[in-house]
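In: With the sequence up front, the predicted model follows.
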Amino acid sequence: MKSLMMSNRFWALLTMLVAYWMVLLYATHMPVEYVESVAVSDKFMHVAAYAVLSFLLASTLHSLNWRFWTIVPTVLLTTMIYGGIDETTQPWFGRVADIIDWSADQAGGVLGIILYLVATATVRSIRKLIMTQPAIEAS
């Protein structure tokens with residue numbers, strides 16, 4: 001039963017990751033004249049977008065039972081390479097490649113990993129707390 005649950009979790013996370021990544025790819029390559037102006041800093045949007053991407057990627061790898069010491073470098077390397085590809089291909093779509101945007105992408109990748117680590121530690125603590133509670137006996 002556990003392998004089926006793990007499989008369902010993996011497929012759900014993979015679906016979210018792929019869908020999000022496709023939306024991110026589209027959003028970062030949409031020609032500038034079609035992009036709505038927002039009141040949030042462009043760099044903040046880069047950090048937030050890559051934080052979500054790295055959190056989803058780390059969670060997906062975790063669902064495959066990858067270990068911390070392989071998840072962190074894999075996610076950081078993936079966001080670094082993808083961020084570079086993302087920035088260098090934007091001029092093909094009338095956008096501007098910017099090293100500061102790429103740096104913001106990397107900051108988001110690190111933030112996503114930190115959020116993933118906090119989330120997994122919190123879930124682990126809650127599970128441990130639940131498992132150590134004495135069972136309530138029926139009267």
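Out: Perfect, I can see it now. Numbering: from 1, shown residues only.

In: Scan the chain for its longest helix.
Out: helix 99-132 (DSSP state H).

In: Report the buried residues of the helix-or-strand element of the chain with minimal mean pLDDT.
Out: When each helix and strand of the chain is scored by mean pLDDT, DSSP states H and E, helix 2-29 comes last, with a mean of 88. Neighbour-count burial for helix 2-29 flags Phe10, Leu13, Leu14, Leu17, Tyr20, Leu24, Thr28 (criterion: 16 or more other C-beta atoms under 10 Å). In this view, the C-beta of every residue, glycine as well, is placed from N, C-alpha and C.

In: Dump the residues you listed into CSV; add distance to Leu115 as well.
Out: Below are those laid out as CSV (distance: C-beta to C-beta, whole Å):
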residue, distance to Leu115
Phe10, 20
Leu13, 15
Leu14, 19
Leu17, 15
Tyr20, 15
Leu24, 17
Thr28, 21
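
In: just those now: which is nearest Ala39?
Out: Thr28 (19.2 Å; C-beta to C-beta).

In: So the closest one is in contact with Ile85, correct?
Out: No. Using C-beta atoms under 8 Å as the test, Thr28 is too far from Ile85 to be in contact (10.3 Å).

In: same for the helix or strand hosting Val75, what does it pack against?
Out: Using DSSP states H and E, the element containing Val75 is helix 68-89. Packing contacts for helix 68-89, counted by 3 or more C-beta pairs under 8 Å, 6 or more residues apart in numbering; DSSP states H and E, involve helix 2-29, helix 42-63, helix 99-132.

In: how close does Gly108 get to Val32?
Out: 21 Å (C-beta to C-beta, to the nearest Å).

In: Give me the more crowded residue out of the two.
Out: Neighbour count, other C-beta atoms under 10 Å: between Gly108 and Val32, Gly108 has more, with 25 against 10.

In: So Ser54 sits against Ala107, correct?
Out: No. In this structure, Ser54 is not within contact of Ala107 by C-beta under 8 Å, at 10.5 Å.
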